[in-house]
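> Need the 3D shape of this:
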Amino acid sequence: MKIRNRIALQFSLIVATILLIFSVIIYVTTATYSREDFYDRLKSKALTTARFLIQVKEVDHNLLKIIDRNTLTALYDEKVLVFDERNRLIYASVDDHIIHYQRNLLDEVRQLKEVETWSDDNQLAGILYQEGGRKLVVLASAYDRWGRSKQKNLRTTLIWGLVGGIGLTIGLGIFFAGQSLQPIDEINSQVSTITARNLRQRLDEGDRRDEIDQLAVNFNAVLGRLEQAFEQQRSFVSHASHELRTPLAALKSEIQLGLLRPLKPAEYESILTNLLSDTDRLIALTNSLLFLARTLENISRMPLAPVQMEEVVLQARDELLSAKPGYHIEFDYANLPESEKETTVAGNEELLKRVLLNLMDNACKYSGNQTAHVRIGTNATSCWVSVRDEGIGMTPEEMELIFEPFYRTANAVGYEGFGIGLSICQRILELHQGHITVESRLNEGSQFTMQIAHL
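A predicted model of the protein is given here:
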């Protein structure tokens, strides 16, 4: 079922229920009031008849019957019976009609003083009249023709009003539900035209005031992120192809050179050395690309555990100095932590060590004195590690692009590298709900700071 029809149906059911309850309350209330009013009229008639019969000596039974039949307030099919203390009938307003009653009704009237009941289709009221030491039971019965007619008309009016109201509600519900959901239909039409080839297309956001406009705004934001992801993927494939083509072309050239003519052993040794160098470069690039791809996998697959950041810094420093003894790394605290918890984060030790290895290696590689200055500090919510060098630095424009895969600054072209390391660092820190920032001045040096919330 379409949402429009479902909304119209639900709205119609709610309105129909309200109308039905309202109609039943009106009908029951009116019927109760009409019935009680008629009973009051019967009691009044019974009381009047009893007073005429007992108090007015000039009025005999025949005259009283005439008065009862010709009074302006006479009721339809009206009958009045009066009984004495021995339940003997001493007066009947009509002789050719009978009021059906049970004998125990007279006892009930004497006990309760007033009784309201039914005699076939007629309403019957009984009262106990006491005057001059006499206790008379008066039964008055009549058919409420006017009240019944009024209730019938009311019932018909309520039924037609209910049917008409429900029909009108269904029609208006479908119309207004369609009007309200029309922007969603327009969004669906626009979304159906968006493909991988036109991700730049955006939905109409209206005035951004209602929920549907916000849906369009959020969908446009998703399209923007999707477009960015596609662009990054295309850029990644393009740069990866370019980087892989360079060592592969070198390998091919060296092999072609070796096959061109017979060479001396020393020349073959030189070619093999070059092939080994290019192969190592190709392996390093492939490993970097594979690691970068793995950092984009689901974070739920990455085990997290408490990690002591200063221990990771020291492990990374020792590992880098063992591989490259010519490097110098100075380590210090920006502020002494009061407890181990301030420098303990939830993370993956190997991945965090990979970040620090990359930052320290870059700092030493791009510094003339091959020295990296590492500091660790804490604040109220997080632990941070900064790696500073006194190397080539970069411009503000280059700082905005430095974390893009395969991006290298103009003055870094002469240094070994692929431009993947910092992108990997950023991905790893994003997986740890952290971030990395850079401060740099051209020809003066750079400082990279990684920050992660502590436990």
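> where does the stretch 351-455 of the chain have low pLDDT?
In the predicted model, the stretch 351-455 of the chain carries no residue with pLDDT under 70.
> Could you do the stretch 101-250 of the chain as well?
101, 196, 229, 232-233, 235-240, 242-243, 246.
> Helix, strand or coil: sort out Leu75 for me.
Of the three states, Leu75 takes coil according to DSSP: H, G, I helix; E, B strand; the rest coil.
> I'd say it and Ala142 touch.
Yes - the criterion here is Cβ atoms under 8 Å, and Leu75 meets it with Ala142 at 3.6 Å. Just so you know, the C-beta spots here come from the backbone N, C-alpha and C atoms, and that holds for glycine as well.
> can you list residues touching both of those two?
Common neighbours of Leu75 and Ala142, counting by Cβ atoms under 8 Å, 6 or more residues apart in numbering, are Leu42, Lys45.
> for Ile436, what are its contacts?
Contacts of Ile436 by Cβ under 8 Å, 6+ apart are Val355, Phe403, Cys425, Gln426, Leu429, Phe448, Thr449, Met450, Gln451.
> Same check on Gln308?
Glu340, Thr343, Thr344.
> what residues are up against the second one?
Contacts for Thr343 (Cβ under 8 Å, 6+ apart) come out as Gln308, Met309, Glu310, Pro337, Ile376, Thr378, Cys383, His454.
> Please spell out the PyMOL selection for the buried subset of these.
Per 16 or more other Cβ atoms under 10 Å, the buried members of the contacts of Thr343 correspond to this PyMOL selection:
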select buried, resi 309+310+337+376+378+383+454
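> tell me which of the contacts of Thr343 is nearest to Asp40?
His454 (84.4 Å; Cβ to Cβ).
> Not counting residues beside it along the chain, what's closest to that closest one?
Excluding the flanking residues, the one nearest His454 by Cβ to Cβ, 6 or more residues apart in numbering is Cys383, at 4.6 Å.
> Tell me which other helices or strands the strand or helix carrying the one you found touches.
For Cys383, the host element (DSSP states H and E) is strand 382-388. Strand 382-388 sits against helix 309-323, helix 349-366, strand 371-378, strand 445-453, with contacts defined as 3 or more Cβ pairs under 8 Å, 6 or more residues apart in numbering; DSSP states H and E.
> Run the chain-centre distance for it.
39 Å (Cα atoms, centre = their mean, to the nearest Å).
> Same check on stretch 39-48?
65 Å.
> cool, stretch 427-436 as well?
28 Å.
> what comes up buried for it?
Buried residues in stretch 427-436 (16+ other Cβ under 10 Å): Arg427, Ile428, Leu429, Leu431, His432, Gly434, Ile436.
> Tell me the one of these nearest Leu9?
Distances from Leu9 to the buried residues of stretch 427-436, taken by Cβ to Cβ, are shortest for Leu431, at 47.4 Å.
> mind pulling up the phi and psi values for that closest one?
phi -60, psi -30 (degrees, to the nearest 10).
> So it sits against Leu351, correct?
Yes - Leu431 is within contact range of Leu351, at 7.4 Å (criterion: Cβ under 8 Å).
> List the ones among the buried residues of stretch 427-436 that fall in strands.
Counting by DSSP state E, the buried residues of stretch 427-436 place Ile436 in strands.
> and which of the buried residues of stretch 427-436 is nearest Glu397?
Distances from Glu397 to those, taken by Cβ to Cβ, are shortest for Ile436, at 18.5 Å.
> Next one: the closest one from Val82, what distance?
108 Å (Cβ to Cβ, to the nearest Å).
> Repeat that for Gly434.
In terms of Cβ to Cβ, Gly434 sits 102 Å off from Val82.
> Summarise which helices and strands the top helix by length along the chain is packed against.
Longest helix in the chain by number of residues, with DSSP state H as the criterion: helix 3-55. Counting contacts by 3+ Cβ pairs under 8 Å, 6+ apart, helix 3-55 packs against helix 61-70, strand 79-83, strand 89-92, strand 122-131, strand 134-142, helix 145-192.
> Quick check: which of the ones you listed is nearest to Gly417?
helix 145-192 (42.6 Å).
> next one: that closest one to chain centre, how far?
29 Å.
> now for that helix, which elements pack on it?
helix 3-55, helix 211-260.
> okay, now the domains of this structure?
With automatic domain parsing as the criterion, the domains of the chain are listed as 3-150, 211-294, 304-453.
> Tell me who's in contact with Val355.
Ile424, Cys425, Ile428, Leu429, Ile436, Met450.
> can you pull up the bridge partners for the fifth one?
According to DSSP bridges, the partner residues bridging Ile436 are Met450.
> Of the domains of the chain, which is nearest Val163?
Of the domains of the chain, the one closest to Val163 (Cβ to Cβ) turns out to be domain 3-150, at 9.6 Å.
> for the closest one, the distance to its chain's centre please.
For domain 3-150, the distance to the chain centre is 60 Å (Cα atoms, centre = their mean).
> With stretch 351-371 instead?
For stretch 351-371 - counting by Cα atoms, centre = their mean - the centre lies 46 Å from the chain centre.
> Tell me the spacing between Arg225 and Gln190.
18 Å.
> Counting neighbours, go ahead and name the busier of those two.
Gln190 (15 against 10; other Cβ atoms under 10 Å).
> How about the more buried one: what's its closest non-neighbour residue?
Going by Cβ to Cβ, 6+ apart, Gln190 has Leu203 as its nearest residue, at 5.2 Å.
> Run a quick neighbour tally on the one you found.
19.
> Distance check, it against Ile187.
In terms of Cβ to Cβ, Leu203 sits 6 Å off from Ile187.
> One more: Val312?
48 Å.
> Compare those two and say which is more crowded by neighbours.
Val312 (24 against 17).
> In this structure Ala92 contacts Glu78, no?
No - between Ala92 and Glu78 there is no contact under Cβ under 8 Å: 11.7 Å.
> Of those two, which one has the most company?
Glu78 (21 against 18).
> Tell me the spacing between Lys150 and Asp37.
Counting by Cβ to Cβ - Lys150 and Asp37 are separated by 11 Å.
> Quick check: Ile424 touching Leu357?
No - assessed by Cβ under 8 Å, Ile424 is found out of contact with Leu357, at 10.5 Å.
> returning to that earlier point: could you check the angle the longest helix of the chain makes with strand 122-131?
40 degrees (axes from the mean of the first three to the mean of the last three Cα atoms, to 10 degrees).
> if you average pLDDT over helix 3-55, what comes out?
Averaging pLDDT along helix 3-55 yields 87.
> Quickly compare the helices and strands packed on helix 145-192 and say which is most buried.
helix 3-55 (a mean of 16; mean count of other Cβ atoms under 10 Å).
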